[in-house]
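> any chance you can model this:
(2 chains)
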2 protein chains.
Amino acid sequence: MSARTGILLVVSGPSGSGKTTLCRKLADSGEAHYSISCTTRQPRPGEVNGKDYHFLSKEEFYHKLEAGEFLEHAVVHGNLYGSLKTEVISYLTGGTDVVMDIDVQGADQVRSCPDADIQRAFVDLFVMPPSEEELHERLSGRGTDSREIIDLRMANALEEMQHWGRYAYRLLSSSREDDYAKFQALVAAERLRVSRIS
Amino acid sequence: MSARTGILLVVSGPSGSGKTTLCRKLADSGEAHYSISCTTRQPRPGEVNGKDYHFLSKEEFYHKLEAGEFLEHAVVHGNLYGSLKTEVISYLTGGTDVVMDIDVQGADQVRSCPDADIQRAFVDLFVMPPSEEELHERLSGRGTDSREIIDLRMANALEEMQHWGRYAYRLLSSSREDDYAKFQALVAAERLRVSRIS
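Model prediction:
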């Protein structure tokens, strides 16, 4: 009477919106599994295979890509990134909620995935910075970056922010505490969804 | 950027599920407007016209019914009850959330209302008692009612409970505190809905 399948919570938003903090916090509290991406880039010092990323060779990545194993994938700075469909689905069908921190293009790919398990689980949220001024503040970092770098980050963020209308939910960032309370409310509410009760 | 239209939260569930307490508590906290029904029954001592109900004559009621002014209506023990569409819509378009505590048939009527403002605002929740044993306990009341009355209430409740699958959300009642926390989470989440941001 009370078993349910998991939520696939896809979270997008520009750098500086705080989306990654929200996702990490939810996963760290044990409330959801943070989806681990595959990547062809080299591990950085301290990164653990199977924890931070699944590190794959380009050959392995392309093999999985051609086999349709990725829920979404992207090329960033010449490296390939992707999320394994079977991994995500195994959590969902086991009743574990999965959180994915991905950009607008990645979210589009997940949203259009025809797999019934994914469709049933899918919920998308766009996190917006409170204002352009505050965003600029957040993207300026520790004051060590050049004006050009900050301007580029700002332009990218503003471009990304055009697309919030595609999402089911939008969170307008205020304080970290308020943001996380709303994020938790979203998860709590989606856990009451009749369409995921089996 | 941040204005939104209200949520029309339609809450159903059998007697003993605690749905009325949830709705009243939300309204009393100032978080939502509790939709006031029209009725043709006589006011009971202490009931205030325009607060507890809009008390109408049968002629007035039928006039409004024929004019399509009711969002939903029902006959209970020979008396007519109904919710005024214009009243609900004026709260919603003003950005105030409205909570309606109605039965399965009433919820069906609201769900199938073709009005765009209602469709946009509509969210439905079914509140389930934790178990049949607990429901029986709650419906037995103060021990002053006859076995027949209690059996009838039980039968009505079990019939009503068949229909939770029509709702978007289902809350399985546990404690009053947990139930209200989930109810608040649902409202908080629905306030992030992109489709209601204008």
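
> tell me how many other residues crowd A:Leu22.
26 (other C-beta atoms under 10 Å in any protein chain shown). The way it works is simple: take the backbone N, C-alpha and C, and place the C-beta from them, glycine included.

> also A:Arg41?
A:Arg41 is flanked by 15 other residues according to other C-beta under 10 Å.

> wait, it sits on A:Asn79?
Yes: using C-beta atoms under 8 Å, A:Arg41 is in contact with A:Asn79, at 3.9 Å.

> what secondary structure does the residue lying closest to A:Cys38 once chain neighbours are set aside sit in?
Leaving aside its sequence neighbours, A:Cys38 sits nearest to A:His54 (C-beta to C-beta, 6 or more residues apart in numbering or on different chains; 4.3 Å). Under DSSP: H, G, I helix; E, B strand; the rest coil, A:His54 falls in the strand class.

> how close does A:His54 get to A:Gln162?
Going from A:His54 to A:Gln162 by C-beta to C-beta, to the nearest Å gives 31 Å.

> which one of these two has more residues nearby?
Each of A:His54 and A:Gln162 has its neighbours counted (other C-beta under 10 Å); A:His54 has more, 18 against 9.

> so what's A:Val11 up against?
A:19, A:22-23, A:99-102, A:124-127 (C-beta atoms under 8 Å, 6 or more residues apart in numbering or on different chains).

> mean confidence for the strand or helix carrying it?
Here A:Val11 sits within strand A:8-12, counting by DSSP states H and E. Computed over strand A:8-12, the mean pLDDT rounds to 98.

> with stretch A:163-182 instead?
Mean predicted lDDT for stretch A:163-182 stands at 96.

> and the residue nearest to A:Cys38, what is it in contact with?
Counting by C-beta under 8 Å, 6+ apart, A:His54 touches A:36-39, A:84.

> dump these to CSV, plus distance to A:Glu177, neighbour count and secondary structure.
CSV is the format used below for these (distance: C-beta to C-beta, whole Å; neighbours: other C-beta atoms under 10 Å in any protein chain shown; DSSP: H, G, I helix; E, B strand; the rest coil):
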residue, distance to A:Glu177, neighbour count, secondary structure
A:Ile36, 28, 16, coil
A:Ser37, 28, 21, coil
A:Cys38, 34, 21, strand
A:Thr39, 32, 19, strand
A:Leu84, 34, 18, strand
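
> tell me which two in those residues are the farthest apart.
A:Thr39 and A:Leu84 (11.7 Å; C-beta to C-beta).

> number of residues surrounding A:Phe55?
Neighbour tally, A:Phe55, other C-beta under 10 Å: 17.

> enumerate every residue touching it.
A:38-43, A:49.

> who does A:Val123 bridge with?
Note on A:Val123: beta-bridge partners A:Leu9, judged by DSSP bridges.

> and it, what is it in contact with?
A:Val123 makes contact with A:7-10, A:168-169, A:186, A:190, according to C-beta under 8 Å, 6+ apart.

> for chain A, what lies in contact range of chain B?
Residues of chain A lying close to chain B (C-beta under 8 Å from any C-beta of the partner chain) are A:1-2, A:125-126, A:164-165, A:167-172, A:181-182, A:184-186, A:188-190, A:192-195, A:197.

> shaky segments in chain A?
By pLDDT under 70, the low-scoring segments of chain A are A:1-2, A:142.

> 90 - rerun?
Within chain A, the segments meeting pLDDT under 90 span A:1-3, A:15-16, A:52, A:76-77, A:138-146, A:149, A:198.

> mind listing the helices for it?
Here chain A has its helices, by DSSP state H, at A:19-28, A:58-66, A:85-93, A:104-111, A:116-121, A:132-139, A:147-160, A:176-190.

> quick one: closest of those to B:Ser146.
helix A:176-190 (40.4 Å).

> same for the closest one, what does it pack against?
On a contact count with 3 or more C-beta pairs under 8 Å, 6 or more residues apart in numbering or on different chains; DSSP states H and E, helix A:176-190 meets strand A:8-12, helix A:19-28, strand A:122-128, strand A:169-172, helix B:176-190.

> only alpha carbons, please: show the longest one as CSV.
Output in CSV follows, covering the C-alpha atoms of helix B:176-190 (Å, rounded to 0.1, in the frame of the first residue of the first chain):
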residue,chain,number,x,y,z
ARG,B,176,-0.9,15.0,13.3
GLU,B,177,2.5,16.7,13.3
ASP,B,178,3.9,14.5,10.5
ASP,B,179,0.7,14.9,8.5
TYR,B,180,0.8,18.7,8.8
ALA,B,181,4.5,18.9,7.9
LYS,B,182,3.9,16.9,4.7
PHE,B,183,0.8,19.1,3.9
GLN,B,184,2.9,22.2,4.4
ALA,B,185,5.7,20.7,2.2
LEU,B,186,3.1,20.1,-0.5
VAL,B,187,2.0,23.7,-0.4
ALA,B,188,5.6,25.0,-0.3
ALA,B,189,6.5,22.8,-3.3
GLU,B,190,3.5,23.8,-5.4
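
> keep only those of the contacts of A:Phe55 that are in strands.
A:38-39 (DSSP state E).

> can you redo the contacts of A:Phe55 as CSV with distance to A:Ala107?
Putting the contacts of A:Phe55 into CSV (distance: C-beta to C-beta, whole Å) gives the following:
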residue, distance to A:Ala107
A:Cys38, 18
A:Thr39, 18
A:Thr40, 21
A:Arg41, 21
A:Gln42, 27
A:Pro43, 26
A:Asn49, 26
